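Student: curious how this folds, go ahead:
(2 chains)
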Amino acid sequence: MKPPVAYRQYHPKWHRTRVSTFWWSRKWSYLKFMLRELSSVFVAFYVVILLLQLHALRGGPDAYQGFQDWLRNPLLVILNGISFLFVLFHAVTWFNLTPKAMAVRLRGKRLPDVLVAAPNYVAWLAVSALVVFLLTRQG
Amino acid sequence: MAKRSNEPLLWALFSGGGVAAAFLLPVLIFLYGLAFPLGWLQPPDHERTLELVQHPLTRLVLFLLCFLSLFHWAHRFRFTLYDGLQIKHLNPAINLFCYGGAVTGTVAAAYLLWTLP
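Tutor: Residues are numbered from 1 along each chain as shown, chains lettered A, B, ... in the order given. I've put the predicted structure just below:
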């Protein structure tokens, strides 16, 4: 027999330990989560660069040359290098999510994660190659 | 009637932006951020770039890239600030900053791409 539940006028206070603001710096998996979330800042940063590029493109050949010279600024090159690493991290973590979000079954058996994620990488390679081709093709 | 949540729509935009950014940003940042400025590859000149961007398909792709990537950032960054720094009391300001920024950037992208000569 359960003991009868006593009536309480006030709800007892729960004990909650205060989580440090820097909880994510304690463990590699938490830090990885935070870095992955922060990749979005670099995604937005690239959009800003793209908008500036479009603006320069409208300004004519001189303005566009000015934009390209601006990109040669060492500070910007370093920032873009960091940005590149972050978006790479975003892409890999994003593609690897597919098998977790979608369980593909073939003849009743679940396909291994690698095979579900693989088409992403193939498509990624194809898209990247197409962009490089379009932007470096001369004439 | 219960107020309908915006969350599914925002999540769909976040997800779409995640896909767009994953497929296109690494190669674009590699080219424009590193390979062209450092002289590893020859960038297309003004005329050629204009010709490329003027194509309706390029305009559409670039618009979707800006629009979805910005909402991807807004959604993810919003939760980074919530969870990472535990500043829930600033929610309204964070939302305004994130989604306001995304809307502003999207409008700018639409204007720039639409009025391109």
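
Student: contacts and neighbour counts: CA atoms only from here.
Tutor: Noted.

Student: and the residue in chain A positioned nearest to chain B, what element?
Tutor: Nearest residue of chain A to chain B: A:Ala91, at 4.1 Å (C-alpha to the nearest C-alpha). Per DSSP states H and E, A:Ala91 falls inside helix A:74-95.

Student: now the very next helix or strand once past that helix: buried residues?
Tutor: Counting by DSSP H and E, the next helix or strand C-terminal to helix A:74-95 is helix A:98-101. Burial within helix A:98-101, assessed by neighbour count using 16 or more other C-alpha atoms under 10 Å in any protein chain shown, is assigned to A:Thr98, A:Pro99.

Student: now what about helix A:98-101, what contacts it?
Tutor: Helix A:98-101 is touched from outside by A:Asp113, A:Val114, A:Val116, A:Ala117, with contacts defined as C-alpha atoms under 8 Å, 6 or more residues apart in numbering or on different chains.

Student: quick check: the gap between the nearest residue to the second one once chain neighbours are set aside and B:Leu25.
Tutor: Nearest non-adjacent residue to A:Val114, counting by C-alpha to C-alpha, 6 or more residues apart in numbering or on different chains: A:Pro99, 7.8 Å away. Taking C-alpha to C-alpha, to the nearest Å as the criterion, A:Pro99 is separated from B:Leu25 by 22 Å.

Student: now do the helix or strand containing A:Leu134, average pLDDT.
Tutor: Assigned by DSSP H and E, A:Leu134 belongs to helix A:113-136. Mean per-residue pLDDT for helix A:113-136: 93.

Student: give me the helices and strands touching it, please.
Tutor: If you count contacts as 3 or more C-alpha pairs under 8 Å, 6 or more residues apart in numbering or on different chains; DSSP states H and E, helix A:113-136 packs onto helix A:74-95, helix A:98-101, helix B:7-29.

Student: any idea how many residues pack against the residue in chain B that chain A sits nearest to?
Tutor: Nearest residue of chain B to chain A: B:Ala22, at 4.1 Å (C-alpha to the nearest C-alpha). Neighbour count of B:Ala22, defined by other C-alpha atoms under 10 Å in any protein chain shown: 24.

Student: where's it relative to A:Arg72, distance?
Tutor: 25 Å.

Student: what about stretch A:16-34, near chain B?
Tutor: Yes - applying C-alpha under 8 Å from any C-alpha of the partner chain, one finds that stretch A:16-34 is in contact with chain B at A:Thr21, A:Phe22, A:Trp23, A:Trp24, A:Met34.
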